[in-house]
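Novice: Need coordinates for the following:
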Amino acid sequence: MNIKKAAYVLFAALTAVTVFGCGSKEEPEKEEEIKTSVAVEIQKPEIKDISLSYNFSGTVQADDTVVIIPKIAGEVTEKHFEVGDHVNEGDLLFKIDDTSAKITLKQAEAALSQAQAGVTSQVAAQASTYASATETLGKIPSNDQQLATAVDSAYASAVQAGAQKDSANATSDYNKKNLENAEKAVNDAQAARDNAERNLAAARQSGDETTIASATTALQNAETVLKQAKTAKEQAELAKKTGENTAKSAEMQYYAAMEGYDNAVRNKNDYETYTVNSTLYGANAQMVGADAALTNSQAALKQAQAGVENAKLALEYTTVTSPVSGTITAINISEHNIASQTTQAYIIQSDTKEKIVFYVAEETRKSITPGNRALVTKNGTEYEAVIKNVESTIDQATGLFKVEAQTQGSMEGLISGSVVNLKTITRQSKGALTVPINCVYYDEEQAYVYVAQNGKAARRDITVGLSDDKDMEVVNGLSGEDQVIITYSAQLNDGSEIELTEGE
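Specialist: Purely as a prediction, here's the structure:
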């Protein structure tokens, strides 16, 4: 609040006390309105890089020599420089045969293409499964109607089979009776034939030719009748067997039809009781399975992508460059011979004589990146350094991860073995939306700011990220066009009237 405004408010307050504090019954003609607006400054959020740094205790170590060990084994196809030569950081030292690495990369790229095709296929399969499941669910009413029709059809078949069974049994009984008659006819014909044969014998004894001829004809006729009777018997026997088989078959068909009817009824009942629910469950399971298959294909795609990256990295490992500038003191490889991961291929005496070694926990290791700047302090003197190496395995002696920083420029005052303080970035957010840290308020754990809206302060809850001594990252809750009140004031509340200060 400016001085003129403060004086005006104080004068109005004193006037009110004077009028109403002296017991006067006279009402004032009009009360003076007391202005309560808060003078503030505003500014839009800014895009900045924001980072957190942490202090570590490090040890100065001599960095006289660097041992170059291949990360992959193979035949040396190129070798450069000799002992005593000076090399610069990045100079090519030697190359390892990259034929296998190139083949592996092509295979990985083919696997990636296959995985991408797999994802495409699974997307189509998922769509097909969803369509099929939807169709299956849509068929439930028609399936129920079909089962009802099947019950009616099975009942009709059972009734028809019962009628056929009764007819076949009647036919079988008729054939049995007919066989009995045929057997009696054979017996009668046999007796007539035997009698005719006796008559012929008697006629022959009599010697009468006429009688003999008549008796011979009678015997022939009797034998013909007997033969016909036997044929009729055989046909009756066949008809009896056929009828019995037909009756058995009709009976079996009847029982089968009845069983079919019972099955149709059970199928309808089971469908209504169980199948509908299982169909619903199965359709949902198919859709879930399709989702899972797509997820697996997507995971396989990520794995194939990682395989390509690993293959590219292996190919890069076939080209070995100098990590430092310095003088070569030993070379233990030669062209056309095999170099392995245990071979100290080159030993280089580094131009940089000192390095700072410190140890960090796993979470911190993930955030420290080679190339980050570092500030080394020893007895009040500051030295510039750069993070050179972050180990990926735990140091067995400390249980932490070893980090090396290379000093830059003059190292005067840094004695090997001495302890120094090192400060470097441990977390960083680039291109962050930021506001001044002193304009952020807290309601318990909820962070918020005030923004200017229509001459009033409006509370805006925000999600915050990193912060330094001046600014705080806003992850969510603000846009780059919001007018943020950057003046801290205990008088600010949601809805407070505000007055912009000069220049805003």
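Novice: Glu109 against Val308, yeah?
Specialist: Yes - applying Cβ atoms under 8 Å as the test, Glu109 and Val308 come out as touching, 5.8 Å apart. For the C-beta atoms, the positions are set from N, CA and C on the backbone; glycine is no exception.
Novice: got the end-to-end distance for stretch 406-424?
Specialist: 12 Å (Cα to Cα, to the nearest Å).
Novice: ok so, going back, and Glu109 and Val308? Which one has more around it.
Specialist: Val308 (19 against 15; other Cβ atoms under 10 Å).
Novice: per-residue confidence at the spatially most central residue of the chain?
Specialist: A centroid search over the chain (Cα atoms, centre = their mean) returns Thr295, at 2.8 Å, as the residue closest to the centre. Thr295 carries a pLDDT value of 93.
Novice: Correct me if wrong: Gln408 contacts Val386.
Specialist: Yes - between Gln408 and Val386 a contact is recorded at 6.3 Å, counting by Cβ under 8 Å.
Novice: How about the secondary structure of the residue nearest to the centre of the chain?
Specialist: helix (DSSP: H, G, I helix; E, B strand; the rest coil).
Novice: and if you look at Lys423?
Specialist: The three-state label given to Lys423 by three-state DSSP is strand.
Novice: For it, give its distance to Glu237.
Specialist: 118 Å (Cβ to Cβ, to the nearest Å).
Novice: Surely Val420 and Leu414 touch.
Specialist: Yes - counting by Cβ under 8 Å, Val420 does reach Leu414; the two are 7.0 Å apart.
Novice: Kindly provide the distance from the residue nearest to the centre of the chain to Ala115.
Specialist: Taken as Cβ to Cβ, the span from Thr295 to Ala115 is 13 Å.
Novice: Check Pro370 too.
Specialist: From Pro370 to Ala115 the distance is 31 Å (Cβ to Cβ).
Novice: With neighbour numbers in mind, choose between the two.
Specialist: Between Pro370 and Ala115, Ala115 has the larger neighbour count (other Cβ under 10 Å), namely 21 against 13.
Novice: Assess the claim that the more buried one and Ser297 are in contact.
Specialist: Yes - counting by Cβ under 8 Å, Ser297 is a contact partner of Ala115 at 7.2 Å.
Novice: where does the stretch 401-504 of the chain have low pLDDT?
Specialist: In the predicted model of the stretch 401-504 of the chain, residues 502-504 satisfy pLDDT under 70.
Novice: residues in contact with stretch 245-262?
Specialist: Counting contacts by Cβ atoms under 8 Å, 6 or more residues apart in numbering, the residues outside stretch 245-262 that touch it are 151, 154-155, 157-158, 160-162, 164-165, 167-169, 171-172.
Novice: out of the residues you listed, who's nearest Thr321?
Specialist: Val151 (83.3 Å; Cβ to Cβ).
Novice: before we move on, what SS does Pro70 have?
Specialist: Looking at Pro70 with three-state DSSP, the answer is coil.
Novice: number of nearby residues for it?
Specialist: Close neighbours of Pro70, defined as other Cβ under 10 Å, add up to 22.
Novice: Gln107 versus that one, what's the distance?
Specialist: Using Cβ to Cβ, Pro70 is found at 22 Å from Gln107.
Novice: next one: Ala300
Specialist: Taken as Cβ to Cβ, the span from Ala300 to Gln107 is 15 Å.
Novice: bridging residues for the closest residue in space to Val324 that isn't next to it in sequence?
Specialist: Nearest residue to Val324 in three dimensions, chain neighbours excluded: Ser350, at 4.5 Å (Cβ to Cβ, 6 or more residues apart in numbering). Beta-bridge pairing for Ser350 (DSSP bridges): Gly326.
Novice: tell me the helices in the stretch 201-350 of the chain, going along the chain?
Specialist: 209-270, 276-316 (DSSP state H, counting those that start in this stretch).
Novice: Reformat those helices into CSV and put distance to Val474 next to each item.
Specialist: Formatted as CSV, the helices of the stretch 201-350 of the chain follow (distance: least, Cβ to Cβ, whole Å):
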stretch, distance to Val474
helix 209-270, 62
helix 276-316, 32
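Novice: do you know which of those helices lies nearest Gly495?
Specialist: Closest to Gly495 of the helices of the stretch 201-350 of the chain is helix 276-316 (Cβ to Cβ; 48.3 Å).
Novice: just checking, what packs against that closest one?
Specialist: Judged by 3 or more Cβ pairs under 8 Å, 6 or more residues apart in numbering; DSSP states H and E, helix 276-316 is in contact with helix 99-138, helix 140-206.
Novice: Give me the neighbour count for Asp461.
Specialist: Asp461: 12 surrounding residues under other Cβ under 10 Å.
Novice: in a helix, that's where it is, yeah?
Specialist: No - assessed with three-state DSSP, Asp461 is strand; it does not lie in a helix.
Novice: I'd guessed it sits against Val475; true?
Specialist: No - using Cβ under 8 Å, Asp461 is not in contact with Val475; the gap is 11.9 Å.
Novice: pLDDT value on Lys139, please?
Specialist: With respect to pLDDT, Lys139 has a value of 73.
Novice: Repeat that for Glu259.
Specialist: pLDDT at Glu259 comes out at 88.
Novice: okay, now the domains of the chain?
Specialist: The chain breaks down into these domains under automatic domain parsing: 1-35, 54-96+324-427, 138-312.
Novice: closest to Ala124 out of these?
Specialist: Among these, domain 138-312 sits nearest to Ala124 (Cβ to Cβ), with 10.0 Å.
Novice: Compute the first-to-last residue distance for the closest one.
Specialist: Using Cα to Cα, the two ends of domain 138-312 sit 51 Å apart.
Novice: And that domain, how far out from the chain middle?
Specialist: Centroid separation between domain 138-312 and its chain, computed with Cα atoms, centre = their mean, to the nearest Å, is 57 Å.
Novice: So the residue nearest to Lys230 when sequence neighbours are not counted versus Lys227, what's the distance?
Specialist: Computed as Cβ to Cβ, 6+ apart, the closest residue to Lys230 that is not its neighbour in sequence is Val186, at 5.6 Å. Separation of Val186 from Lys227 (Cβ to Cβ): 10 Å.
Novice: Could you check which of those two has the larger neighbour count?
Specialist: Val186 (21 against 13).
Novice: Now do the contacts for that one.
Specialist: Leu226, Ala229, Lys230, Ala232, Lys233.
Novice: next one: Gly431
Specialist: Listed by Cβ under 8 Å, 6+ apart, the contact partners of Gly431 are Ile47, Lys48, Asp49.
Novice: Drop anything exposed from these.
Specialist: Lys48 (16 or more other Cβ atoms under 10 Å).
Novice: still on that earlier bit, out of the domains of the chain, which gets nearest to Glu497?
Specialist: domain 1-35 (8.1 Å).
Novice: Determine the number of other residues adjacent to Arg373.
Specialist: Counted with other Cβ under 10 Å, the neighbours of Arg373 add up to 14.
Novice: With adjacent residues omitted, what lies nearest to it?
Specialist: Leaving aside its chain neighbours, Arg373 sits nearest to Val386 (6.2 Å; criterion: Cβ to Cβ, 6+ apart).
Novice: Name the residues that touch whatever helix or strand the one you found lives in?
Specialist: Per DSSP states H and E, Val386 falls inside strand 381-394. Here strand 381-394 makes contact (Cβ under 8 Å, 6+ apart) with 355-356, 365, 368-377, 400-411, 413-414, 422, 424.
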